[in-house]
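Visitor: Build me a model from this:
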Amino acid sequence: MNKFLLFLTVLLLASSCRDEQSLGMLPMTYMQDDPKVQLQLPQADSTIQLGRAVNEALEEEVIALLAFDEALDIEDIPMAVQSFSAGYTELIENFPGTPEWEASVYASISFEDAHILSIKMESYLFTGGAHGYEEVRFLNFDKRRGREIEGINMFTNFGPILTMAENAFREMHNIPEEASINSTGFMFEGEVFYLPDTIGFDSHGMVLYYNQYEVASYADGPIRISLPWVDVQPLLRNKYRP
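Guide: Coordinates of the predicted model:
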């Protein structure tokens with residue numbers, strides 16, 4: 001097994017060119033072979049509260065993806081990679097010829113202004129079977145309070161967002177207003193439309209992302225809905241309006 005390699009790539013920006021609203025994160029890359037692990041994460045300044053919140057949230061996501069030993073108290077990303085590697089090593093010792101495991105995470109800022117920071121995480125995990133599993137998640141942060149917050153909690157009223165999202169979903173998939181939301185083959189529990197687990201923001205507006213299996217079969221793939229800023233901005237709490 002190749003030695004775990006850690007690379008820190010620092011992007012130098014002149015202070016005169018830096019956006020005052022930007023957290024100024026630097027890219028960090030973790031790479032390993034056998035099993036293959038590739039992580040590309042933004043690293044924030046840990047001397048400020050927001051930076052610590054961002055780094056801790058990203059670390060928790062990576063640990064949740066890679067940890068394969070529930071009895072082990074995994075404290076950081078290198079330990080999570082070791083856990084992933086140990087799980088693979090144990091498997092091939094018992095079942096030679098097992099396909100090589102693979103894990104990757106790519107995270108980047110999808111939106112940032114004076115109030116909101118939204119980070120998009122794209123992950124892939126293969127530990128055997130017919131295919132791997134891809135997932136997209138958004139991590140949203142209240143910049144002024146320096147803490148993570150659920151995207152939906154940035155709005156004054158849940159109802160209008162839900163209605164707007166359902167209308168967009170029905171239009172996208174040609175589902176008549178009077179028909180069941182599952183009438184064309186979707187799998188919403190109780191045949192009632194609901195928002196996805198993954199909600200974030202980008203330059204176009206609010207992103208609703210249903211990962212594979214969430215409301216449809218694997219073959220149908222993920223479903224992405226974008227609600228434009230012009231529609232969602234009036235519904236945001238005043239402190240989050242861009």
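
Visitor: Quick check: which element contains the most centrally placed residue in the chain?
Guide: Using CA atoms, centre = their mean, the residue of the chain that lies closest to the mean C-alpha position is Arg137, 2.0 Å off. Element membership for Arg137 (DSSP states H and E) is strand 133-142.

Visitor: helix or strand right after that strand?
Guide: The helix or strand immediately downstream of strand 133-142 is strand 147-148, counting by DSSP H and E.

Visitor: Quick one: list the elements packing against that following strand.
Guide: Counting contacts by 3 or more CB pairs under 8 Å, 6 or more residues apart in numbering; DSSP states H and E, strand 147-148 packs against helix 49-66, strand 133-142. From N, CA and C alone the C-beta is placed, and that goes for glycine too.

Visitor: now those in CSV, with distance to Glu75 and mean pLDDT?
Guide: CSV is the format used below for these (distance: least, CB to CB, whole Å; pLDDT from 0 to 100):
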stretch, distance to Glu75, mean pLDDT
helix 49-66, 8, 96
strand 133-142, 20, 97
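
Visitor: Tabulate the ones you listed (TSV), appending distance to Glu189.
Guide: Shown next, in TSV, are these (distance: least, CB to CB, whole Å):
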stretch	distance to Glu189
helix 49-66	23
strand 133-142	19
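
Visitor: Of all those, which one comes closest to Tyr209?
Guide: When the helices and strands packed on strand 147-148 are compared by CB to CB, strand 133-142 sits nearest Tyr209, at 5.2 Å.

Visitor: Show me what the closest one pairs with in its sheet, parallel or antiparallel.
Guide: The pairing partners recorded for strand 133-142 under DSSP bridges are strand 116-126 (antiparallel), strand 147-148 (antiparallel).

Visitor: What residues does Met121 make contact with?
Guide: Residues in contact with Met121, defined by CB atoms under 8 Å, 6 or more residues apart in numbering, are 58, 61, 105-107, 136-139.

Visitor: mind redoing it with 6 Å?
Guide: Neighbouring residues of Met121 by CB atoms under 6 Å, 6 or more residues apart in numbering: 61, 107, 137.

Visitor: helix or strand for Glu166, which one?
Guide: Glu166 is located in helix 158-172, with elements delineated by DSSP H and E.

Visitor: Buried residues, that helix. List them.
Guide: 161, 164-166, 168-170 (16 or more other CB atoms under 10 Å).

Visitor: Please confirm that Tyr106 is located within a strand.
Guide: Yes - counting by DSSP: H, G, I helix; E, B strand; the rest coil, Tyr106 is part of a strand.

Visitor: check contacts around it.
Guide: 40, 122.

Visitor: repeat that for 10 Å
Guide: Listed by CB atoms under 10 Å, 6 or more residues apart in numbering, the contact partners of Tyr106 are 29, 38-41, 120-124.

Visitor: who touches Lys120 in this structure?
Guide: Going by CB under 10 Å, 6+ apart, Lys120 touches 106-111, 136-139, 198, 200-202, 207, 209.

Visitor: Which two of those residues have the greatest separation?
Guide: Farthest pair in those, by CB to CB: Tyr106 and Phe201, 17.8 Å.

Visitor: wait, doesn't Arg241 sit right on Phe201?
Guide: No - using CB atoms under 10 Å, Arg241 is not in contact with Phe201, being 12.0 Å away.

Visitor: And the helices in this protein?
Guide: 49-66, 77-94, 158-172, 229-232 (DSSP state H).

Visitor: got these as TSV, with distance to Glu148 columns?
Guide: Formatted as TSV, the helices of the chain follow (distance: least, CB to CB, whole Å):
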stretch	distance to Glu148
helix 49-66	5
helix 77-94	18
helix 158-172	19
helix 229-232	20
